[in-house]
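>>> just need the structure, nothing else, for what follows:
(2 chains)
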Amino acid sequence: MAKKQSKTERAQALMRAQQRRERMRNLLVVGTVVVAIAIVAVVLVVVSSKKDTTGQAVDPGGSPKNLTGTYNVVIGKESAPTTIKVYEDLQCPICQEFEKAAGQQIQTAIADGKVKVDYRMVAFLDRSSTTNYSSRALNAAMAVLSTAGPDAFLKFHTIAYANQPAEGSAGVPDATLIDWAVQAGADKSAVTPLIENNTYHQWVVNATDQMSRDGVSGTPTVFIDGKKYTNPSEGVTAVLAATK
Amino acid sequence: MKQWLGVLARLIVGGVDLAAGLAKFPDPAGNVRQVRAFQILPESVVPTVGHALPTVEILIGAMLILGLLTRSFAVLAGLFFVAFIIGIASAWARGLEINCGCFGSSGVPANPQRQYAIDIARDIGLLICCVWLVVWPRTRLALDNLLFPHHERLADGEEAVED
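Numbering: from 1, shown residues only, chains lettered A, B, ... in the order given. As a prediction, this is how the structure comes out:
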C-alpha cells in the first residue's frame, strides 16, 4: 500500500515536471512567433510610411504659377456676387457628370460676372488607371496654368473632362496630355518638359492631402458661398440655380 | 464538426482581413485620408494609424488563415471589428458622407446610408466568427496543432498523461 502510494507520488511529480517543460516550450514557441510577427509588422509599416510622401516640401520650381492660394485657382471677376468652390479629380466619373450637367453654365456665368469659381483640383484616383492618370492629368493641368494662365487652365479642364479615360484603363499618354495642353492654348515647348517630368507631382500629393484636411472626403464636393453639397446631384441643382 | 466550423470561421475572417489589407497597402496616403475622414482620431496619430492599418490587417489575416495563435489573433481581429463598427456607426450618426474605405476604395458611395448599414452588418458577421474562434480556438488544419500538440490532446478529451 505504502509502496503504491509513493509510486503515485512519483508519477505525479514526473507529470508536473513534464507539464513545466511543456509550458516552457510553449512559451518559447509563442515568443518566437510573436517576435517574428513584430519584425514583419515593423518592416511593412516602415515601407508603407516611406512610400507616402504626403506633406514633404515641394522642390523649388515644383509649385505651379498663377495659383490664387497655395492649392487653388479662382477664376472669374472679383466683383462676382457668388463664389462656387469645387473639389474635383480629373479621373472622377461623377465629376465628369457634374461637368457635363453644369460645366457650360458655370463658364457662361463666369463670363457674365455672376459667379467666380474657386477650383481645388486633387488627384486621389491614381489606382483607377494603370498609369497614374489622375495625378498626371492634374500635373498637366497645372503645367497649362503655369505657362498659359487661368483661362487656358479652364479650357484644359473642359477638354480633360470631355475626354476622360475610363476607370481601370491605361489612362492617357503624355503625348495626348501635351496635345490637350496645346489645344487649350499652352505653348508646346513650354509644357512638354513639365508634363513629361511630372514636375508638380509633390504639389499634387500635398493638394490632395489638403482636401482631406479641409474635411472633404470625396469629389465632386461643391460649396456655394460656403454652403457644402456632398451629394453630386444636389450640387448640380444648386450650381444651376446659382448660375442662372 | 465544431473544429471544421472553426476552419471556416478562420478562412472567412482571415480571408477578408488579408484581402482588405492587400487592397489598402499600395496607397498609404489614401489610407491616411480615409482614417482622417472619420474625424474621430486626433490628427497627431492619424498618419501612423493610416500607415499601420493595412499591415495589421494583412498579419491578422495571415495568422488566422494559417491557424497560428488562433485565439489571440481572433481576439485582436474582433477588437478591430468592434472599432470599425463604432467608427462607421459614429460617422453615420454624425451624417458624414464617406466611404468606409474598408477595401481601399475611395470616393463617396451613391447611397452612403445604405452602404453604412451593409458595412456594419458585414463587420457584425465577422465579429461573430471571431467570438466563435475565441471560444473554440482549436480547429482542424491549423499550425497551432503542430506547434502545441499537447493542448490538442486535452482538447480532444484524451488523457493528458499516459504512462
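
>>> so where's chain B shaky on pLDDT?
The model of chain B has pLDDT under 70 over residues B:104-110, B:150-163.

>>> contacting residues for the residue nearest the centre of it?
The residue lying closest to the centre of chain B (CA atoms, centre = their mean) is residue B:77, at 3.8 Å. With contacts defined as CB atoms under 8 Å, 6 or more residues apart in numbering or on different chains, residue B:77 is in contact with B:13, B:17, B:60, B:64, B:126, B:130. (Each C-beta comes from the backbone N, C-alpha and C, glycine too.)

>>> now for the helix or strand encompassing the second one, which elements pack on it?
Residue B:17 is part of helix B:2-24 when elements are defined by DSSP states H and E. Helix B:2-24 makes packing contacts with helix B:46-66, helix B:70-93, helix B:112-135 when contacts are defined by 3 or more CB pairs under 8 Å, 6 or more residues apart in numbering or on different chains; DSSP states H and E.

>>> the first one and chain A, are they touching?
Yes. With CB under 8 Å from any CB of the partner chain as the threshold, helix B:46-66 lies in contact with chain A, specifically through B:47-48, B:51-52, B:54-56, B:58-59, B:63.

>>> how about low-confidence regions in chain A?
A:1-4.

>>> for it, what's the longest helix?
Counting by DSSP state H, the longest helix found in chain A is helix A:2-51.

>>> pairing partners for the helix or strand following that one, with directions?
Toward the C-terminal end, the helix or strand that comes next after helix A:2-51 (DSSP H and E) is strand A:73-75. Each strand pairing with strand A:73-75, determined using DSSP bridges, is listed with its direction: strand A:115-122 (antiparallel).

>>> immediately after the partner strand, which helix or strand?
Sequence-wise, the next helix or strand downstream of strand A:115-122 (DSSP H and E) is helix A:133-148.

>>> so what are the domain limits for chain A?
Domain ranges of chain A: A:1-51, A:73-243, per automatic domain parsing.

>>> most tightly packed of those?
Stretch with highest mean neighbour count among the domains of chain A: domain A:73-243 (a mean of 20; mean count of other CB atoms under 10 Å in any protein chain shown).

>>> quote the end-to-end distance of that one.
One end of domain A:73-243 sits 19 Å from the other (CA to CA, to the nearest Å).

>>> the longest helix of chain A packs against which elements?
Using 3+ CB pairs under 8 Å, 6+ apart, helix A:2-51 sits against helix B:28-37, helix B:46-66, helix B:149-155.

>>> okay, the closest residue to residue A:239 other than its chain neighbours and residue A:95: tell me how far apart.
Distances taken as CB to CB, 6 or more residues apart in numbering or on different chains put residue A:102 closest to residue A:239, at 4.6 Å, once the chain neighbours are dropped. For residue A:102, the distance to residue A:95 equals 11 Å [CB to CB, to the nearest Å].

>>> next one: residue A:235
Using CB to CB, we find residue A:235 at a distance of 10 Å from residue A:95.

>>> and for those two, which residues touch both?
Common contact partners of residue A:235 and residue A:95 (CB under 8 Å, 6+ apart): residue A:220.

>>> circling back to that earlier point, just put the helices and strands packed on helix B:2-24 in TSV and tack on distance to residue B:6.
Below are those laid out as TSV (distance: least, CB to CB, whole Å):
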stretch	distance to residue B:6
helix B:46-66	10
helix B:70-93	8
helix B:112-135	6
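
>>> which stretch among these comes nearest residue A:129?
Evaluated with CB to CB, the helices and strands packed on helix B:2-24 place helix B:46-66 nearest to residue A:129, the distance being 21.1 Å.

>>> buried set for that closest one?
Using 16 or more other CB atoms under 10 Å in any protein chain shown as the test for burial, helix B:46-66 gives B:46-47, B:49-66.

>>> burial check on residue B:14, number of neighbours?
When neighbours are counted by other CB atoms under 10 Å in any protein chain shown, residue B:14 registers 24.

>>> ok, it - contacts?
B:60-65.

>>> contact residues of chain A facing chain B?
Looking at chain B, the residues of chain A close enough under CB under 8 Å from any CB are A:11, A:14-15, A:18, A:22, A:26, A:29-30, A:33-34, A:37, A:40-41, A:44-45, A:48-49, A:51-54, A:92, A:94, A:124-127, A:205, A:208-209, A:211-213, A:215, A:217-219, A:230-231.

>>> related to what we said a few turns ago, closest to chain A among the contacts of residue B:77?
Nearest to chain A among the contacts of residue B:77 is residue B:60, at 9.6 Å by CB to the nearest CB.

>>> quick check, central residue of chain A?
By CA atoms, centre = their mean, chain A has its centre lying nearest to residue A:124, at 2.1 Å.

>>> skip the chain neighbours and tell me the closest residue to residue B:67.
In space, and not counting its chain neighbours, residue B:67 is closest to residue B:142: 2.5 Å by CB to CB, 6+ apart.

>>> tally of neighbours for the one you found?
23.

>>> can you confirm residue A:86 is in a strand?
Yes. Checked against DSSP: H, G, I helix; E, B strand; the rest coil, residue A:86 lies within a strand.
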